[in-house]
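In: predicted structure and sequence below. I'll ask about it afterward.
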Amino acid sequence: MKIIQIVAYYPPHLGGMEQRVKDLSEHLAKRGYPVELFTSNVGCPKNKQLKSTKNLKINYLPSWEFAHTPIIPSLFFRLMKISKDSIMHIHISQAFVPEIAYLVSKIRKRPYIAHIRGDPEPSGFFGFLLKPYKRVFLKRVLHNAKKIIILTNDYRDLINEKYSINKTKIIVIPNATTFKIVKYKSLSK
């Protein structure tokens, strides 16, 4: 089974979600799982893009950004070509990407896991579009997921209430990190 990671942004684009998806993808690949990742090339100049490794294929797709959302025209066509034994893992923080994966899952009858990485409040000039988007489109994406991963129990309750998702469908998995605990030396000596 191939694990298809789908995320709006990926390193070298900066952000916590980006780094967590990178850590997860690399960990799965090191354990021998074939992982293929699809992401935008926003904030990722060609000479800085990360290279694919033995079990991890990284696809930076040509994109542009509109209202803090990467628009990835080729994502639909690329996902339509994934093998039948694949499962999609959609990392949700921005619009457009989850809906494309949802559409592919419906057409190709492929399961997916929705991993909610953020549920931001409206901001900016087009912020007024976020509430109807969530009420109509994001809710449908979440309801059709096989499972939904969130970070905390409190967040599970919020997602359950906000999107009317059955709590048995929601799994709490805190972020895995590669952070190391280091001893702090006082500067006051």
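Out: Yep, it's here.
In: from here on, just use CA atoms for contacts and neighbour counts.
Out: OK.
In: in this protein, which helix or strand is least confident?
Out: The helix or strand with the lowest mean pLDDT-type score in the chain, counting by mean pLDDT, DSSP states H and E, is helix 130-133 (a mean of 72).
In: just the CA trace of that one, in PDB.
Out: C-alpha atoms of helix 130-133 as PDB (Å, rounded to 0.1, in the frame of the first residue of the first chain):
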ATOM      1  CA  LEU A 130     -14.200  31.300   4.900                       C
ATOM      2  CA  LYS A 131     -17.300  30.600   7.000                       C
ATOM      3  CA  PRO A 132     -19.500  29.500   4.000                       C
ATOM      4  CA  TYR A 133     -16.600  27.500   2.700                       C
END
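In: contacts for the following helix or strand past that helix?
Out: Next helix or strand after helix 130-133 toward the C-terminus (DSSP states H and E): helix 139-144. Helix 139-144 is contacted from outside by 98-99, 102, 114, 148, 163, 165, using Cα atoms under 8 Å, 6 or more residues apart in numbering.
In: how about TSV for those, with neighbour count added?
Out: Compiled in TSV, the contacts of helix 139-144 are given as follows (neighbours: other Cα atoms under 10 Å):
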residue	neighbour count
98	24
99	18
102	27
114	25
148	25
163	16
165	18
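In: among the residues you listed, which lie within strands?
Out: 114, 148 (DSSP state E).
In: quick one on the thing from earlier: what's the spacing between the least confident helix or strand of the chain and its chain's center?
Out: Relative to the centre of its chain, helix 130-133 is centred 19 Å away, using Cα atoms, centre = their mean, to the nearest Å.
In: before we move on, what about stretch 57-74?
Out: That offset, for stretch 57-74, works out to 13 Å (Cα atoms, centre = their mean).
In: repeat that for stretch 68-88.
Out: 12 Å.
In: mind listing what's buried in that stretch?
Out: Buried positions in stretch 68-88, judged by neighbour count with 16 or more other Cα atoms under 10 Å: 69-72, 75-76, 79, 82, 86-88.
In: fine by me, we can end here.
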